[in-house]
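**Student:** Give me a 3D structure for the following:
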Amino acid sequence: QVQLVESGGGLVQAGGSLRLSCAASGRTFSSYAMGWFRQAPGKEREFVAAINFSGGITYYADSVKGRFAIARDNVKNTVYLQMNSLKPEDTAVYYCAAARSYYQARGNGDMDYWGKGTLVTVSS
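**Tutor:** Now for the predicted structure:
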């Protein structure tokens, strides 16, 4: 069982930055690939970014490529999402999730564990 708790959301002006964190419980964090997803009001949840077990390989949705960066610290059992050049369309609840395969973490199929999310609001 893995429990995930996101933090770092809030209100920011367009063009600003935020860093989200996701703390994982348990001693098997490095056994999971991690992903960030988001759900905007009235829209379906969508993939944002993924990172493999060691942190050496990352993958991004086209909409955030070049602006967002995912990273992980397997000692601190934490995955991060650095968000720069934020736009109003980035407004959403952001979720981190864990998967047993990097393929899953890239938004292909169900993730194994989900956090409860953190709200990011970008004002224009």
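**Student:** Could I get the buried residue list for the helix or strand hosting residue 120?
**Tutor:** In the assignment (DSSP states H and E), residue 120 maps to strand 118-123. By neighbour count, with 16 or more other C-beta atoms under 10 Å as the criterion, the buried positions of strand 118-123 are 118, 120, 122. C-beta coordinates here come from the backbone N, C-alpha and C atoms, glycine included.
**Student:** what do you get for stretch 89-100?
**Tutor:** Neighbour-count burial for stretch 89-100 [16+ other C-beta under 10 Å]: 90, 91, 92, 93, 94, 95, 96, 97, 98, 99.
**Student:** now swap in stretch 42-58 and tell me
**Tutor:** 45, 47, 48, 49, 50, 51, 52, 53, 55.
**Student:** quick one: which of those sit in strands?
**Tutor:** Among these, DSSP state E puts 47, 48, 49, 50, 51 in strands.
**Student:** So which residues of the chain form helices?
**Tutor:** 102-105 (DSSP state H).
**Student:** just the strands in it please.
**Tutor:** Going by DSSP E, the chain shows strands at 4-7, 10-13, 18-24, 33-39, 46-51, 58-60, 68-73, 78-83, 92-99, 113-114, 118-123.
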